[in-house]
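Peer 1: Show me the folded form of this:
(4 chains)
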Protein chains: 2
Amino acid sequence: MPEPGATGATGENSSRRDELLRIAAGLFAEKGFKNTTVRDIADAAGILSGSLYHHFDSKESIVDELLVAFQTELFDRYDEILASDLDARGKIEAAVRLSFEAIHTRGPEVAIFQNDADFLGGFERFGYLAERNQQSRDVWMTLLREGIDSGVLRQDLDIEIIYRFIRDTVWVAVRWYRPGGELDHPEVADQYLHILLEGITEGTTHG
Amino acid sequence: MPEPGATGATGENSSRRDELLRIAAGLFAEKGFKNTTVRDIADAAGILSGSLYHHFDSKESIVDELLVAFQTELFDRYDEILASDLDARGKIEAAVRLSFEAIHTRGPEVAIFQNDADFLGGFERFGYLAERNQQSRDVWMTLLREGIDSGVLRQDLDIEIIYRFIRDTVWVAVRWYRPGGELDHPEVADQYLHILLEGITEGTTHG
DNA sequence: ACGGCAACCAAACAAGTGCTTGGTAGGGTA
DNA sequence: TACCCTACCAAGCACTTGTTTGGTTGCCGT
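Peer 2: Presented below is the predicted three-dimensional model:
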């Protein structure tokens, strides 16, 4: 007797289902959640819009599933970095590299989160988005404080601004980064870290 | 047949019209263009949705008018900086400060451009958005090349990445900057320039 | 008192939206 | 053969969307 699984509307391990999720993710990322219709998704998949509801409860369920899976994975890895025995600078570098890797491997999900989190956050169902935001903030604030306390970072930095700065500047790269393009994600991360840590001017010494 | 003026649908100098533009800009910025309905705008203005069409041809006209006015003003000032007799570093600093000032004075327009340019660019009517993008690129590429040639910036920089980096990191501040908040825009610009030019690490000397 | 005009209302329309319902083709299993 | 199950179709529903049309209100100069 093949158990369909104690979960969602229909069997959750179907490869067809995964394919539909991938298709929807791409469209959501490209055109935005609200601006992507269930007919768009169905067309891209070669089926009728109603048939999507054999696989998913609702349009919201689709994006919900995408975001939850992505964020669970991402934050597990942030926690690993926090718990590691790297020094302050090493942790900051690791966190930045992880972010660019996420842009590489989960581009659509990152884009959806960047573009539609505000809108989706308005629904009760997506309340966890605000929590994840707070969690991200906690991670980075910890890292930055470690950096300042250990003398790696300048003492005069406004930690609040630096956090916003890093958060926004890292994730916004999802707008132009394309897997398979000229630069792969470790290279981009290196360049980014170089700018962030040392600036772009020639031979400066500050203090 | 009374000529109402050689311009748009109705008189163009009405203060009520300007008020409606301001209201629409705020909503577009907050919820996105596609996700803002004409009924939303009308509700916020205390009128019925149909009444908007006394002032504007279409929903698209509203956002078009907002963006054209904003970009005309902005790029005029970029040109002034390019034509000024500041040195390379001074021009870069001026361009960054101008951007943060724009976020301060034209926040909604900046947000609309950041969030909806991709979507709007798909329509013929908004083809100028791509041109403005190219123009912005030209400005910054010129500034960066000047910076490298004059020895202000490091020679090993990937100018293409630096451009994207500056463009994205400056404008993305519109997501959190609020006029009247703790930091005003000149302060934010200073902090940003400090990070960009010198980095966040302590006492580094490179080369 | 009058006409003109900006600003708005009231009601509707066609197209598009997310979603539902009842049915069916086809492969696997007993 | 009979059964079940996954994946889908065909058709439609209630609602929302941008937009149109004809009419109304109140102010302003003459």
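
Peer 1: From B:Gly32, how far off is the nearest residue to A:Ser99 once chain neighbours are set aside?
Peer 2: The spatial neighbour of A:Ser99 that comes closest, neighbours along the chain excluded (Cβ to Cβ, 6 or more residues apart in numbering or on different chains), is A:Val170 at 4.6 Å. For the C-beta atoms, the positions are set from N, CA and C on the backbone; glycine is no exception. Computed as Cβ to Cβ, to the nearest Å, the A:Val170 to B:Gly32 distance reads 23 Å.

Peer 1: what's the answer for A:Asp184, then?
Peer 2: Distance, A:Asp184 to B:Gly32, using Cβ to Cβ: 32 Å.

Peer 1: Same question for A:Leu196.
Peer 2: Counting by Cβ to Cβ - A:Leu196 and B:Gly32 are separated by 30 Å.

Peer 1: Repeat that for A:Leu82.
Peer 2: 34 Å.

Peer 1: Between these two, which has more neighbouring residues?
Peer 2: B:Gly32 (22 against 16; other Cβ atoms under 10 Å in any protein chain shown).

Peer 1: mind listing what that one touches?
Peer 2: Residues near B:Gly32 by Cβ atoms under 8 Å, 6 or more residues apart in numbering or on different chains: A:Gly32, A:Lys34, A:Phe119, B:Asn115, B:Asp116.

Peer 1: Let me know whether the last one touches B:Ala25 as I believe.
Peer 2: What it means is B:Asp116. No: the criterion here is Cβ atoms under 8 Å, and B:Asp116 misses it with B:Ala25 at 11.8 Å.

Peer 1: Give me the nearest residue to A:Gly147, chain neighbours excluded.
Peer 2: Leaving aside its sequence neighbours, A:Gly147 sits nearest to A:Leu153 (Cβ to Cβ, 6+ apart; 3.9 Å).

Peer 1: if we take the contacts of B:Gly32, which one ends up nearest to A:Ala88?
Peer 2: B:Asn115 (34.7 Å; Cβ to Cβ).

Peer 1: Neighbours of that closest one, how many?
Peer 2: Counted with other Cβ under 10 Å, residues neighbouring B:Asn115 total 24.

Peer 1: With A:His185 instead?
Peer 2: 19.

Peer 1: Next: A:Glu80.
Peer 2: Neighbours around A:Glu80, by other Cβ under 10 Å: 11.

Peer 1: any idea how far it lies from DNA strand C?
Peer 2: With the distance defined as Cβ to the nearest atom of the strand, to the nearest Å, A:Glu80 ends up 36 Å from DNA strand C.

Peer 1: Pretty sure A:Ile81 sits against A:Ala95.
Peer 2: Yes: shown here, A:Ile81 and A:Ala95 form a contact pair, counting by Cβ under 8 Å, at 5.5 Å.

Peer 1: and the residue in chain A positioned nearest to DNA strand C, what is it in contact with?
Peer 2: Nearest residue of chain A to DNA strand C: A:Gly50, at 2.5 Å (Cβ to the nearest atom of the strand). Shown in contact with A:Gly50 (Cβ under 8 Å, 6+ apart): A:Ala42.

Peer 1: any idea what it is structurally, helix, strand or coil?
Peer 2: Following DSSP: H, G, I helix; E, B strand; the rest coil, the label given to A:Gly50 is helix.

Peer 1: so how far is DNA strand D from it?
Peer 2: Taking Cβ to the nearest atom of the strand, one finds A:Gly50 at 3 Å from DNA strand D.

Peer 1: okay, the nearest residue to A:Thr201 once chain neighbours are set aside: pLDDT?
Peer 2: Nearest residue to A:Thr201 in three dimensions, chain neighbours excluded: B:Leu197, at 4.7 Å (Cβ to Cβ, 6+ apart). pLDDT recorded at B:Leu197 is 91.

Peer 1: State the helix or strand in which the most centrally placed residue in chain A lies.
Peer 2: Centroid check for chain A by Cα atoms, centre = their mean gives A:Val110 as the closest residue, at 3.7 Å. A:Val110 is located in helix A:107-121, with elements delineated by DSSP states H and E.

Peer 1: Can you name the helix or strand that the closest residue to A:Gln71 other than its chain neighbours falls in?
Peer 2: Nearest residue to A:Gln71, sequence neighbours excluded (Cβ to Cβ, 6+ apart): A:Arg132, at 5.3 Å. Using DSSP H and E, the element containing A:Arg132 is helix A:128-149.

Peer 1: check contacts around the residue of chain A found nearest chain B.
Peer 2: Closest contact between chain A and chain B, by Cβ to the nearest Cβ, is at A:Gly199 (3.6 Å). The contact partners of A:Gly199, by Cβ under 8 Å, 6+ apart, come to B:Ile195, B:Leu196, B:Leu197, B:Glu198, B:Gly199.

Peer 1: Quick one: the helices in chain A, in order.
Peer 2: Taking DSSP state H as the criterion, chain A contains helices spanning A:15-31, A:38-45, A:59-83, A:88-105, A:107-121, A:128-149, A:159-171, A:185-198.

Peer 1: got a pLDDT number for the residue nearest to A:Ala45 when sequence neighbours are not counted?
Peer 2: With Cβ to Cβ, 6+ apart as the criterion, A:Ala45 has its nearest non-adjacent residue at 5.2 Å, and that residue is A:Ile23. What the model reports as pLDDT for A:Ile23 is 97.

Peer 1: what's the answer for the one 5 residues further on, then?
Peer 2: A:Phe28 carries a pLDDT score of 98 in this model.

Peer 1: same thing with A:Ala6?
Peer 2: For A:Ala6, the predicted pLDDT is 27.

Peer 1: Could you do A:Ser14 as well?
Peer 2: If you check A:Ser14, the pLDDT there is 67.

Peer 1: How about A:Pro186?
Peer 2: So A:Pro186 comes in at 97 (pLDDT).

Peer 1: neighbours of it, just the number please.
Peer 2: 12.

Peer 1: thought it was touching A:Leu98?
Peer 2: No: taking contacts as Cβ under 8 Å, A:Pro186 lies outside contact range of A:Leu98: 11.2 Å.
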